[in-house]
Every structure is written in structure tokens, then in C-alpha cells.
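Visitor: Based on what follows, work out the 3D shape:
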Amino acid sequence: CRSAPWYVQPRVLPFIGGILPFAVMFIVVHYVEIDLWTERPYYLYGFTILSVVLVMLTAASTSIIITYFFLCWEEYNWWWRAFWTPATAGLYIFVYMIYFVSALQPTTSQGVFLFIVHAVTVSLTVFVVLGSVGLLTTLLYVWRMYASVKID
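Guide: Numbering: from 1, shown residues only. Predicted coordinates:
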């Protein structure tokens with residue numbers, strides 16, 4: 001990866017790859033947070049389930065594609081990249097939630113603390129779940145790809 005452009009460097013590409021899963025789940029997170037913190041009921045469960053499925057597919061696809069690129073460049077240390085690429089969407093969720101609380105302008109420090117704890121919990125959950133989905137699907141992909149190689 002020495003001759004590759006800056007945007008495909010091993011330390012940069014996972015952050016670029018995390019934008020896609022974040023973009024898929026952004027609208028759902030926005031509506032859930034608005035309804036949660038303005039004490040309104042949330043009725044879009046079918047849309048949320050569809051979005052979760054799309055986020056999982058996007059995370060898996062992004063991780064597989066980026067791992068494939070690194071394998072083509074003969075960079076075989078793909079395990080952590082397969083985890084970090086979709087997992088960085090959790091970091092983007094945390095940044096968005098901090099922006100959201102600044103726009104909400106809470107009046108008490110307890111409200112800010114509660115929101116920060118909520119943001120950390122949601123972000124870590126998204127981080128671990130999407131990272132695990134990316135790693136497991138990439139593992140299956142690499143196993144099947146190398147199993148199909150015929151050695152003569």
C-alpha cells in the first residue's frame with residue numbers, strides 16, 4: 001500500500017468505509033432520537049427493521065469490498081480492517097449524537113449526562129455489532145474465495 005493514494009491507506013480507508021453504513025442509518029437515528037428526547041411515541045418500527053437489515057447488508061458489503069482491495073494489493077492482515085471498516089459508523093453516530101445534544105440545548109447537567117451515557121451506549125453497540133457483522137461476513141467470504149482456488 002506504499003504507492004496507493006492517500007484515501008486507500010490502511011489508516012484512512014476504514015474511516016471512509018464507515019460513512020456508508022452511517023449514511024444508511026442516519027435518518028432512523030435522527031427520528032428515534034427526536035422522538036425519544038421530545039417524549040413522543042415512535043411508530044416507524046417497520047421502517048426501522050428494514051433500515052437495520054440494510055445497515056447490516058451495507059456493513060457486510062463494505063467490509064468485503066475493502067478487504068478484497070487489500071488482498072489484491074497483497075496486504076494479508078485483513079482481520080482488524082474487516083472489523084474497523086463498518087465499526088467506524090459507531091464513531092460517526094457518537095459525533096452526530098453530540099451534535100444533536102448541542103442543538104437540543106438541555107437545561108440541566110443531569111440531562112446532558114444522561115444523554116452522553118445514552119450516546120456512548122448506542123455508539124458502542126453500533127460499533128461492536130457492525131464490526132462483528134463485517135468481520136464474520138468477510139471471514140466467510142475469504143474462506144470461500146480461498147477454498148475455490150485450485151492448486152495444481
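
Visitor: Show the contacting residues for Thr62.
Guide: By C-beta atoms under 8 Å, 6 or more residues apart in numbering, the contact set of Thr62 is 17-18, 20-21, 85-86, 134. All C-beta atoms are positioned from the backbone trio N, CA, C, and that covers glycine.

Visitor: mind listing what's buried in the helix or strand of the chain with the lowest mean pLDDT?
Guide: For the chain, counting by mean pLDDT, DSSP states H and E, helix 13-17 ranks last in confidence among helices and strands (a mean of 86). Using 16 or more other C-beta atoms under 10 Å as the test for burial, helix 13-17 gives 13-14, 17.

Visitor: just the CA coordinates of that helix, formatted as CSV?
Guide: C-alpha atoms of helix 13-17 as CSV (Å, rounded to 0.1, in the frame of the first residue of the first chain):
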residue,chain,number,x,y,z
LEU,A,13,-9.8,3.6,4.5
PRO,A,14,-11.8,2.3,7.5
PHE,A,15,-13.0,5.8,8.2
ILE,A,16,-14.1,6.3,4.7
GLY,A,17,-15.7,2.9,4.6
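
Visitor: helices and strands around it, which ones?
Guide: Other elements packing on helix 13-17 under the criterion 3 or more C-beta pairs under 8 Å, 6 or more residues apart in numbering; DSSP states H and E are helix 45-72, helix 79-104.

Visitor: Okay, buried residues for the last one please.
Guide: Of the residues in helix 79-104, 81-94, 96-97, 100-101 count as buried by neighbour count, 16+ other C-beta under 10 Å.

Visitor: Same check on stretch 108-118?
Guide: Those would be Phe115, for stretch 108-118 by 16+ other C-beta under 10 Å.

Visitor: What separation do you get for Val142 and Tyr7?
Guide: 23 Å (C-beta to C-beta, to the nearest Å).

Visitor: Who has more neighbours out of these two?
Guide: Val142 (18 against 9; other C-beta atoms under 10 Å).

Visitor: thinking the more buried one is in contact with Trp78, fair?
Guide: Yes - at 7.1 Å, Val142 counts as touching Trp78 under the criterion of C-beta atoms under 8 Å.

Visitor: Overlap of the contact sets of these two?
Guide: Here Val142 and Trp78 have 67, 71 as joint contacts, going by C-beta under 8 Å, 6+ apart.

Visitor: Perfect, I'm done here.
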